[in-house]
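J.: Build me a structure from this.
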Amino acid sequence: MGKFQRVAGLAALLSFGPVPVAAAVPSPTMGWGKLTGRPHPRGAIRIPYGVDPLQVGDLWLPRGKERGPRPVVLMIHGGCWQSAIANRTLMDWAAADLAKQGIAVWNIEYRGADRPGGGYPGTFQDVAQAADMLRTLGPQYGLRTDRIVAVGHSAGGHLALWLAGRGRLPLNSALWTADPIRLHAAIGLGALPDLEAARTLPGNDCGVTGVPLLVGSATPERPNVLGDTSVTSLLPLGTEQTLVTGVHDRIAPPVLASAYAVKARGAGDTVGHVSIPEAGHVELIAPGTNAWRIEVGLIRRALGLAR
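T.: So this is what the prediction gives:
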């Protein structure tokens with residue numbers, strides 16, 4: 001699998017301890033190899049949005065004679081915010097499947113917190129810059145950018161929801177921009193939106209180790225490192241949100257999504273939470289699974305397409 005070897009061994013790389021929700025039931029879930037061992041889809045257009053080799057995205061376009069602007073999904077991979085664990089190619093199967101259904105996908109890369117320039121503020125700035133790139137790609141490739149739906153998996157789910165709240169960043173934040181592109185909806189698949197909850201979840205290295213690496217250390221000028229990085233700090237986002245979790249997911253157990261949903265609804269946001277009994281973490285981005293079938297329906301609804 002080449003550069004996918006570390007991705008395929010994600011569960012081995014991270015020492016996830018017991019999580020009450022997932023540990024209560026035997027977990028017959030899909031391993032990474034069941035996804036990454038499939039024939040790898042091809043056909044995307046690679047487009048840089050910056051000068052760093054990691055500041056790049058793959059644009060998956062539907063084939064055929066579709067008329068008018070194509071609906072577009074902004075797709076963000078996970079990997080505990082670390083480039084050594086995963087990259088955008090982990091999402092290729094999902095992106096290719098959506099393209100077959102007439103949906104364009106802008107599948108973005110970004111500098112992980114373990115890479116030069118990544119972490120705070122670089123990882124967030126990359127994702128924001130890649131999202132804003134859709135303003136350029138829209139007219140060039142016939143994309144409908146008035147109803148963009150962001151879809152992120154795991155740590156990428158956090159980043160997708162963060163993008164939805166970017167307009168609420170404080171003016172003194174290094175992440176603030178004057179005119180962020182607007183998202184119509186954000187869908188988090190096994191997402192980790194509340195960084196405080198993720199970094200204090202016992203036995204979950206993705207949050208316990210990954211969050212501090214992502215947000216950096218407090219300074220007198222920036223005493224609250226979660227103030228502009230955790231989605232909960234930006235509520236209400238003012239954007240429709242949907243969280244999908246697998247009951248057996250030990251990286252992003254359903255309790256994280258349900259607790260976030262309560263906070264977001266309390267702040268006035270519209271938030272849906274779908275918990276899938278037979279799914280873990282990998283099923284959420286694997287075409288052919290019941291989880292993916294459900295998610296495609298949610299994506300199509302958010303895009304305003306027929307189910």
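
J.: element containing Ala291, please.
T.: helix 290-303 (DSSP states H and E).

J.: Pull out the buried positions in stretch 138-150.
T.: By neighbour count with 16 or more other Cβ atoms under 10 Å, stretch 138-150 contains the buried residues Gly138, Tyr141, Gly142, Leu143, Arg144, Thr145, Arg147, Ile148, Val149, Ala150. Any C-beta I mention is one placed from the backbone N, CA and C, and that applies to glycine too.

J.: Contacts for that stretch next, please.
T.: 59, 61, 68-76, 104, 106, 131, 134-135, 137, 160-161, 163-164, 181-187, 299, 302-304 (Cβ atoms under 8 Å, 6 or more residues apart in numbering).

J.: Only the C-alpha atoms, please, for it, written as PDB.
T.: C-alpha atoms of stretch 138-150 as PDB (Å, rounded to 0.1, in the frame of the first residue of the first chain):
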ATOM      1  CA  GLY A 138     -16.400  27.400  -8.900                       C
ATOM      2  CA  PRO A 139     -16.600  29.400 -12.200                       C
ATOM      3  CA  GLN A 140     -13.600  27.500 -13.600                       C
ATOM      4  CA  TYR A 141     -15.100  24.000 -13.200                       C
ATOM      5  CA  GLY A 142     -18.800  24.700 -13.100                       C
ATOM      6  CA  LEU A 143     -19.300  24.200  -9.400                       C
ATOM      7  CA  ARG A 144     -22.300  25.500  -7.400                       C
ATOM      8  CA  THR A 145     -20.700  27.400  -4.600                       C
ATOM      9  CA  ASP A 146     -23.900  28.900  -3.200                       C
ATOM     10  CA  ARG A 147     -24.700  25.700  -1.300                       C
ATOM     11  CA  ILE A 148     -21.400  24.200  -0.300                       C
ATOM     12  CA  VAL A 149     -21.600  21.200   2.100                       C
ATOM     13  CA  ALA A 150     -18.500  20.400   4.200                       C
END
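
J.: remind me which residues of the protein are low pLDDT?
T.: Residue ranges of the chain with pLDDT under 70: 1-28, 65-67, 307.

J.: The stretch 51-200 of the chain: helices as residue ranges?
T.: 92-100, 122-132, 134-141, 155-164, 195-199 (DSSP state H, counting those that start in this stretch).
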